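Asker: Predicted coordinates and the sequence they were generated for:
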Amino acid sequence: MALPLATQWTLVASGLIAHADHVLTGEECERLMGLVDEVADGDDYAQWMSIISDPEALETQLAGLPIPPQQSHRKIAETAWLMAVVDGERVDAEIAALQRIAARLSIEPMQLEFWREAWTTAQHGFAEITAAAAGWMLGGGGPVLPEDRGVIRDITHALPTTHEHREQLVDRGCVAQDGEDIERRLRALTKPQRRDLLQRLIDVISQATRSDEARERLRQLAAGSGLSTEDRARLQGL
């Protein structure tokens, strides 16, 4: 069964931005494969893995796809723009690719720029709260142990923000954090963002020096996140 039109657009747009600078990084490959994993299986999976690995095939798809419903345009562009920051850089070629995709969707340039600024602000905010939550998980209200600085680095260097911001977040994440403030900021995120943040912490918790204590604090954080019991049960490894 063919994927929904908006989903096809999301894969094509994300693939084009990933290939825009002619350098496909490991982070970009991982995100592209993750996007396909989320939406396709069987023959569709094999077909789309072939398409996203081939810039020419992506261009052919872009030229041939019908325009999706207008209400899907912002989400398509936002998901594609996230591809531009997974490797810590935003280059002119990626911005140009996004502008070309937006033009195909008849998104006004001023509107796109307004959205892009909003997305960048949101991405920075998500990165800030994730680093802070990691610091609380590891430090329990005190500074992170020197031995756990590498765990903070692993988390922050996978966040959707720039290299410079990631380096700042390593230092910020290692200082003492306020658990109540972390919970408040976490609950202000969207449900998908809360799940994403918690899963990122789960994925590195085994590296913590005091992993049992860190896991208990993470469970407390998940319980106070506002996610339902069912949503928390879907997290892998908690």
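Answerer: Structure's in. What do you need? Residues are numbered from 1 along each chain as shown.
Asker: From now on I want contacts and neighbour counts done on CA atoms only, so please keep to that.
Answerer: Noted.
Asker: what are the ranges of the helices in this protein?
Answerer: 5-19, 26-39, 42-52, 55-64, 73-83, 92-104, 109-139, 149-156, 163-173, 179-187, 191-204, 211-223, 229-233 (DSSP state H).
Asker: Highest mean neighbour count out of those?
Answerer: Burial of the helices of the chain is given as mean neighbour count (mean count of other C-alpha atoms under 10 Å); helix 5-19 ranks first at a mean of 24.
Asker: Return the distance of that one from the chain's centre.
Answerer: In terms of C-alpha atoms, centre = their mean, to the nearest Å, the gap separating the centre of helix 5-19 from the centre of its chain is 15 Å.
Asker: Does anything pack onto it? Which helices or strands?
Answerer: In terms of contact count using 3 or more C-alpha pairs under 8 Å, 6 or more residues apart in numbering; DSSP states H and E, helix 5-19 is assigned the packing partners helix 26-39, helix 42-52, helix 55-64, helix 73-83, helix 92-104.
Asker: picking up where we left off before, got JSON lines for the helices of the chain, with mean pLDDT too?
Answerer: Converted to JSON lines, these look like this (pLDDT from 0 to 100):
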{"stretch": "helix 5-19", "mean pLDDT": "93"}
{"stretch": "helix 26-39", "mean pLDDT": "84"}
{"stretch": "helix 42-52", "mean pLDDT": "88"}
{"stretch": "helix 55-64", "mean pLDDT": "94"}
{"stretch": "helix 73-83", "mean pLDDT": "92"}
{"stretch": "helix 92-104", "mean pLDDT": "94"}
{"stretch": "helix 109-139", "mean pLDDT": "94"}
{"stretch": "helix 149-156", "mean pLDDT": "94"}
{"stretch": "helix 163-173", "mean pLDDT": "92"}
{"stretch": "helix 179-187", "mean pLDDT": "94"}
{"stretch": "helix 191-204", "mean pLDDT": "92"}
{"stretch": "helix 211-223", "mean pLDDT": "93"}
{"stretch": "helix 229-233", "mean pLDDT": "87"}
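Asker: Please name the residues that touch the residue nearest the centre of the chain.
Answerer: Note on the chain: the residue nearest the mean C-alpha position is residue 160, at 5.5 Å, using C-alpha atoms, centre = their mean. Residues in contact with residue 160 (C-alpha atoms under 8 Å, 6 or more residues apart in numbering) are 82, 85, 86, 87, 88, 123, 124, 127.
Asker: With distance to residue 110 added, can I get the helices and strands packed on helix 5-19 in JSON lines?
Answerer: What follows is the helices and strands packed on helix 5-19, written out as JSON lines (distance: least, C-alpha to C-alpha, whole Å):
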{"stretch": "helix 26-39", "distance to residue 110": "27"}
{"stretch": "helix 42-52", "distance to residue 110": "29"}
{"stretch": "helix 55-64", "distance to residue 110": "22"}
{"stretch": "helix 73-83", "distance to residue 110": "13"}
{"stretch": "helix 92-104", "distance to residue 110": "11"}
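Asker: show me the contacts for residue 229.
Answerer: Counting by C-alpha under 8 Å, 6+ apart, there are no residues that residue 229 touches.
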